[in-house]
Structures are given as structure tokens and as C-alpha cells.
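1. Here you go, sequence then predicted model.
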Amino acid sequence: MGFLTRLNFNHLMKPMIKRKARFVRLWNHQPFRAVNRLLFELDSSRLVLIPASEGSVEGGGTVVPYSIVEHFVREASHRVILKRCPCRTGMGCTEFDPGFGCTFLGEGAKEIDPAIGRHVGLEEALEHVREADRLGLVSAMGKFRLDALALGVRDHKRLMTVCHCCPCCCLTTELRFAPEEAWNAVTRIEGSEVRLAGECRGCGTCESACIFGQVEVREGAAVVSAGCKGCGRCVAACPQGALVFEFNEDLIASEVSRISSGVDVG
């Protein structure tokens, strides 16, 4: 199993990421769409985006959204850190370290081959996700069957993905071109909003920063679309501080419950 998992991970996942734009667009065509819906269970998959807190979040303190990630790291029965990020490795990333891998949590993580991921304790896992936050990586967490298939994990409902996404390489950057069920599988924190709250000079920096192409300058000012996933990158990038990420702290507990309903880490 270990050899087959490494073969699958290294010779399927990485080439797929390198051709991610073509791969995602294929989902729009039959029979690829039907096969992918069944194979990856896109209708029931869900990844919640947690923005990097440094310089990105207003209201209630910058650490609150990321506390969701730390909650699940603490609650998990098992923790694994991938030795390499398949997205950054496949794309030959020069902006972020390809050796900074995703975090996986729960009983399913026990099945991950040690040749692919380090099985770590609580403190090392916490330090890893905190470092992702410090680096400005956006964490996408939840259930995604593609990860389980690539890693050889049989029960994907007991495997939580915490993908530390960079804006240049990750598969999520192409999801706006995918079918609706794949696009809707990525959501923002419940009750959160990115909005224009200050003077905007229309420089367009926010357009370049957005992973999902949901911010654009119209008539000299930034406009955030209804499809915003709340990654917070536009907020951090804005040289004028005109954009803000707001959230309702009272909904953090319900967001934790929502994520827990889809994947069990205990």
C-alpha cells in the first residue's frame, strides 16, 4: 500500500497540479463532469477559507478566525504534515517554500505513508499552522476526497484537510473556471465579509492579489463581488488600507460546528 500510495502521489498528483488549468476546465465537459462528481463527491465536499490574520482582519482581534484552525488541530486524534506541498512542487513555486506542506488531521491521517508526511505531535502541528499564518498563506480546511484518494486514505470522512494555499500555485486558484459544485465547495467563514471601507485610488493591487478573481476596479474604485470567498489577500495587499475583512465573533462556534458536521477529526 505504501509503495502504491507514493506512486499515486508522486506520478499522478504532481503532474495534475502542473496542468491544473486544463484539468479544472475538463470538469465542465461530459463525461468528465459526471465522473468527477461521483469520484470526488464534490456535492458533499466543503473547504472553508481561513484568511491569514496578519494585517488582514478587523473586528474582534486578528487571531479569532485562525483560532478555528487551532481548535481542530487540538481536537484531532492524529496529525500529519506533508513533507512537500504538491501544488508548489508541481508548479515550481519561487514565492513560497515547496517544502512547506499541508496539514492533515484525524484518524484517516494515520494511513498517510511516512515517506510522504511526518506524523507529529500537538505542539509541532500548532507551530506549523501558526507559521502558515505568519507567512501569509490562506488555509482551506474541511473535507476533500481528492486528497484522500491521492494519499491512499480509505475513509475520507475521517480526514480533515488543512491546505496552506499560496496565491500562485494552489489548485484553488483555478476553481472559478470549474463547475458550480466545485466552485461552491469552497466557502468563506460564516458571517464574514470583505468590503470597501476607505478611500480607494483604483490602483488595481487588489485585483492581482485575489486568488479567485472576485475583486475588480470599476469607475476608479474596487468592487468586491458576491462570489468573494473571504481569502483576505486583497485586504492585506491594499496600499491604502481601503478594504477590510469583517467577521462576527459570535458565529465562530457555529462555524466550528458546521465544519465538524462534514468531517470527524476525533
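-> That came in fine, so what should we check first?
2. going forward, measure contacts and count neighbours with C-alpha atoms only.
-> Noted.
3. how deep is residue 185 tucked in, by neighbour count?
-> For residue 185, the count of nearby residues is 18 (other Cα atoms under 10 Å).
4. repeat for residue 196
-> 17.
5. Roughly how far does it sit from residue 235?
-> To residue 235, residue 196 is 9 Å away according to Cα to Cα, to the nearest Å.
6. Residue 167 contacts residue 208, correct?
-> No. Counting by Cα atoms under 8 Å, residue 167 does not reach residue 208; the two are 9.5 Å apart.
7. With neighbour numbers in mind, choose between these two.
-> More neighbours surround residue 167 than the other of residue 167 and residue 208, with 20 against 15 (other Cα under 10 Å).
8. show me what contacts that one?
-> Residue 167 makes contact with 173, 209, 210, 211 under the criterion Cα atoms under 8 Å, 6 or more residues apart in numbering.
9. ok, now with 10 Å
-> By Cα atoms under 10 Å, 6 or more residues apart in numbering, the contact list for residue 167 reads 95-96, 136-138, 173, 208-212, 231, 233.
10. Okay, now the unreliable bits of the stretch 51-200 of the chain?
-> 53-64 (pLDDT under 70).
11. and with 90 instead?
-> 51-69, 84-95, 113, 115-116, 133-158, 165-193, 195-199 (pLDDT under 90).
12. What segments of it are helices?
-> Taking DSSP state H, counting those that start in this stretch, the helices of the stretch 51-200 of the chain run over residues 64-75, 86-91, 122-135, 145-151, 180-183.
13. possible to save those as CSV with distance to residue 243?
-> Output for the helices of the stretch 51-200 of the chain, formatted as CSV (distance: least, Cα to Cα, whole Å):
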stretch, distance to residue 243
helix 64-75, 17
helix 86-91, 28
helix 122-135, 19
helix 145-151, 33
helix 180-183, 24
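14. Out of those, which is the most enclosed?
-> helix 86-91 (a mean of 23; mean count of other Cα atoms under 10 Å).
15. Counting by contacts, list what that helix packs against.
-> Packed against helix 86-91 by the contact rule (3 or more Cα pairs under 10 Å, 6 or more residues apart in numbering; DSSP states H and E) you find helix 14-18, helix 20-26.
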